[in-house]
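Undergrad: need a 3D model of the sequence below.
(2 chains)
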Amino acid sequence: MLLHVQNVTKTYPGTETSVLRGVSFDMGAGEMLALTGESGSGKSTLLHLMGGLDSADHGVVAVDGTDLTPLGDAGRAAFRRGRVGVIFQQFNLIPSLTVEGNIAFQARLALQHDPERAQRLAQRLGLTDHLHKYPEQLSGGQQQRVAIARTLAPHPRLVLADEPTGNLDEATADTVFALLCELVAETGAGLVLVTHSERLASRMGRRLHLRAGQLTDQPIGALT
Amino acid sequence: MNRVMLSALFSHWWRNPMQLFTLLAGLALGTALWSGVQAINAEARASYDTAAATLGSGRYAQITARQGSISKLDYVALRRAGWDVSPVIEGRLGPVRIVGIDPLTAPAGIGPVPLGEGFDLTAFFGTGQVFAQAETLARLPKTGVPGIVAPDVAPNTAITDIGVAQRLLGRAGQIDRLLVGPEPSLTRRPLGEVAPGLVQSPPQAGNDVARLTDSFHLNLTAFGLLSFAVGLFIVHGAIGLAFEQRRPVVRTLRALGAPLGRLIVLMATELLVLALVAGAFGVALGYGVAAALLPDVAATLRGLYGADVAGQLGFRAEWWLSGMGMALAGTAVAAAGALRSLARMPLLAGVQTRALGMAWRGVGLGRLSVGLLALAGALAVWGQGLVAGFAMLGALLIGGALALPGLLAVVLRWAGSRARGPVAQWFWADTQAQLPGRSLALMALLLAMAANVGVSTMVSSFRLTFTGFLDQRLASELYVNADDAPQARMIRTIAEAQGAVVLPILSVDHELAGMPAEIYGARDHATYRDNWRFLRSVPGAWDALARGEGVLVNEQLFRRAGLDLGAAVPVAQGVTLPVLGVYGDYGNPVGQVVVNAAVFARTFPDVVALRFGLRVDPADVAALRAALRLGATVADTAMVDQAAIKALSLAVFERTFTITTALNVLTLAVAGFAILMSLLTLAVMRLPQLAPVWALGLTRGWLAGLDLARAVVLAALTGALALPLGLALAWALLAVVNVEAFGWRLPMYVFPLDYLRLAVFALLAAGIAAAWPAWQLSRLQPVRLLGVFRHER
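TA: Residues are numbered from 1 along each chain as shown, chains lettered A, B, ... in the order given. All right, here's what the predicted structure looks like:
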């Protein structure tokens, strides 16, 4: 089992309402899962817990056999470096590094840098001509491709994507999404996609829906 | 509409009180630094003015005796010959300087209070009265003479009737000098005819106390200029960052229809109010700093030049106004650029997270810096006068500061190209990306460090030179003053009997090239040959001097009279000799000529040596003193040994260091605070850059450590660039400004250990400044970093 989430709760300091309330599910290796829900339902929070970006108050979040809940700051940072890749809606590239530097950054941090693989990824994502440019010199679609290459370069076991095409037009979004799925499938990693898009969610193998911090079987829209 | 717009603008400050604090603190500190130094200068100058006004020193021509004091008979003879002269006697009674005057003959304006304004002439002449400031009266030993508080009398000085002063000082019938009235009588007879033993010196002669202390004030003024530059950069940085932070608010307001013109007027008004508040705080802070430093300043001036400066600070309008002016002018200059940038900001542009990036990027800054440095070079080569000297100083400093971002970018780019690991590469690239936001704080640090290097080099060079100068001038083990010619003969006899070499010190006042000068007669002896160092000389200068074939001149006379080696100097009527050599004569405001003792005796046969330098084994000094005391009844006060004079001079210099060290530490601390402010302000703006790196696997502690290292690395690089700038500044002060101001050039020495210590202090200041923001980053809740990805910031 690649991902094991059991009875997870999360409340942010200074707030009284729990963002997540007893969330539990499992996910196998190579599986592609869509996480949907309304704004504020806890999708991004759950994704952050799975990515080791934050810690749960209660419950278990285990990735590839590693329970993240007891890990401290350094342990979660080490986990993020090599085991998981996160793609954000805002791309969140490092503005001071070139495209080439951005793609290689995480892999080099994880001591898994393979220049040939980085080159191949850049080629597949159509970035070969932009390797020496800075993020601010790229379009939104190009920046998201760089983020995908960066995420996949260190061979992560789990890829987490938070609205990866939310800032792109429909045509670009389709292209980027297809490339993401294709490349993740080639690596055999699992993919969790947080999205509001019914269209993208329907293209994933499995779907989970969050409402007010709890998983439901079906989205409301799908029942009606 | 105004109220709505203002509430939107102010809401930023309510939500970000720390940013409001950094803005106010930046303005206040810049003002404090400037006004503190100005306050010290203004207070000291005011004290001199008071002194000059009460004593007439410098304002009137004066008559003094060639030897000893003026007799009452000479005074009466001069009055009868039509001379409008007034007698003055001076001396010390305990710690207080007593000045005796004759109010009936004194020129108008001289004295404790004007005649007719509550001045009780009967009491003044009768039982006597002593006029002084309250603190001086408290220090005055018991005299039995009633004390009257007079705030306008110079500090540490008491004025009384000349008869009372003569009695208090134990110098009955003696007069030190005669003040000459401003309107000479046409019928008066020449001075040489009435009293041949007296000489007249013109107004503003070399004994003007203000002139003696000008070199000290020039140093402080230069420091004031530096502090102004540091303050200006801090104010500029504080305002630039404040505007940068509010760009999104302004953009939103404009998008909602707020008129640009009104928005700018409102923001300018808001800044004016903030500048007034911060300026007032800054002036008060500067007052505190100056008040804390002034006792040391007063002690230093008293020790260095014998000038009495009040040890307490008065609240003076001129520096209060200059401080507020600095706050407002600095704010206006800084705000002009920021408001222009806002006015040109595209309404739909993306969020600019690189603080001040637009304002400080591009080639314009580099060109301006090159232009200013070229101007400084041109002024150094071709400039004439003190104004050109200060203009060169300003161009050098501002040009150097503006060159900093470009030079740092080059170094950081090079370091980045050499880095191998991903974190190291990111570190250098991110440091370079942050330069625009940190530039102004780093420029302030650069100027502070350059000021430290420059002023320390100048003061240390001054001390080293002066110590060497003391070795040169005070080579004799013992100096003795005789009261009269018979005692002088006895001193010679006893000293020679004790095996001492006697070096008579012969001198007369003279006028050369339109300036006051002294002519000295020197015996040919190894003391002079071994210790005196020439700045320039002809070959065999000492031998030629011994043969009476020329003169030695001091640097002041050499420069002011435009002399050259071999140039003819008219020593006296019919005696003209060529210049053989030039020697350094630091701190002396008048020209000096040294001739051979035989030439002196032929030219000035009436002058008898009453001062002697005695060369003797240091171990025998005490015995010689005892012999002179017993055999020639020489008072202990008339014998000064060289070691005591040197110890006193060095003690005075230590006090000078107290002030410069305090000012240096203050400037460095303020620059450190500027770094802290910029880091605190940038901390929030930097989250979008830090969050992705954190998400990719760097811990908050790691990032905090890198931020700390970044601050130290930038401070170290800034320090490395500050060293040459500081040395250039020291050179400018010593070789250009000092020469223009005083006519003599100080040799420049370098002090590597001092610079190393300064570098450690600067790194500590930068490290301490960066520690808090770094600690905050290490404790930052992950939810704040995650907010970047949620796009909820």
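
Undergrad: contact partners of the particular helix or strand that has B:Gly163 in it?
TA: B:Gly163 is located in helix B:162-169, with elements delineated by DSSP states H and E. Outside helix B:162-169, the residues that touch it by C-beta atoms under 8 Å, 6 or more residues apart in numbering or on different chains are B:87-89, B:91, B:93, B:98-102, B:125, B:128, B:130, B:143, B:145, B:160, B:172-175. Bear in mind the C-beta positions are built from the backbone N, C-alpha and C, glycine included.

Undergrad: now list the buried members of these.
TA: B:87-89, B:91, B:93, B:98-102, B:128, B:130, B:143, B:145, B:160, B:174-175 (16 or more other C-beta atoms under 10 Å in any protein chain shown).

Undergrad: which ones among the contacts of helix B:162-169 lie within strands?
TA: Using DSSP state E, B:Pro87, B:Val88, B:Ile89, B:Gly91, B:Leu93, B:Ile98, B:Val99, B:Gly100, B:Ile101, B:Val130, B:Thr160 are the members of the contacts of helix B:162-169 that sit in strands.

Undergrad: tell me the pLDDT at the residue in chain A positioned nearest to chain B?
TA: Here the residue of chain A nearest chain B is A:Arg81; by C-beta to the nearest C-beta that distance is 3.1 Å. In this model, A:Arg81 is scored at 83, pLDDT.

Undergrad: wait, what's in contact with it?
TA: Contact analysis of A:Arg81 by C-beta under 8 Å, 6+ apart lists A:Gln106, A:Leu109, A:Ala110, A:Pro154, B:Leu696, B:Gly697.

Undergrad: out of those residues, grab the one that's most surrounded.
TA: Comparing these by number of neighbours (other C-beta atoms under 10 Å in any protein chain shown), A:Gln106 comes first, having 28 neighbours.

Undergrad: my guess is that residue meets A:Arg150, correct?
TA: Yes: contact criterion C-beta atoms under 8 Å: A:Gln106 and A:Arg150 qualify, at 5.6 Å.

Undergrad: between these two, which contacts overlap?
TA: Residues touching both A:Gln106 and A:Arg150 (C-beta under 8 Å, 6+ apart): A:Gly85, B:Leu696.

Undergrad: list the residues that contact the most centrally placed residue in chain A.
TA: Central residue check for chain A by C-alpha atoms, centre = their mean: the C-alpha nearest the mean position is that of A:Leu160, 1.7 Å away. By C-beta under 8 Å, 6+ apart, the residues touching A:Leu160 are A:Leu47, A:Met50, A:Gly51, A:Val84, A:Gly85, A:Val86, A:Ile87, A:Leu191, A:Val192, A:Val194.

Undergrad: B:Leu753 is in what secondary structure piece?
TA: Using DSSP H and E, B:Leu753 falls in helix B:752-778.

Undergrad: immediately after that helix, which helix or strand?
TA: Helix B:752-778 is succeeded, C-terminally, by helix B:782-790 (DSSP H and E).

Undergrad: from the contact counts, what lies against that following helix?
TA: Applying 3 or more C-beta pairs under 8 Å, 6 or more residues apart in numbering or on different chains; DSSP states H and E, one finds that helix B:782-790 contacts helix A:43-50, helix B:687-695.

Undergrad: same thing but at 10 Å, please
TA: Using 3 or more C-beta pairs under 10 Å, 6 or more residues apart in numbering or on different chains; DSSP states H and E, the elements in contact with helix B:782-790 are helix A:43-50, helix B:687-695, helix B:700-731.

Undergrad: pull out the buried residues from it.
TA: Buried residues in helix B:782-790, counted by 16+ other C-beta under 10 Å: B:Pro782, B:Val783, B:Leu785, B:Leu786, B:Val788, B:Phe789.

Undergrad: could you do stretch B:713-727 as well?
TA: Going by 16+ other C-beta under 10 Å, stretch B:713-727 has these buried residues: B:Val713, B:Leu714, B:Ala715, B:Leu717, B:Thr718, B:Gly719, B:Leu721, B:Ala722, B:Leu723, B:Leu725, B:Gly726, B:Leu727.
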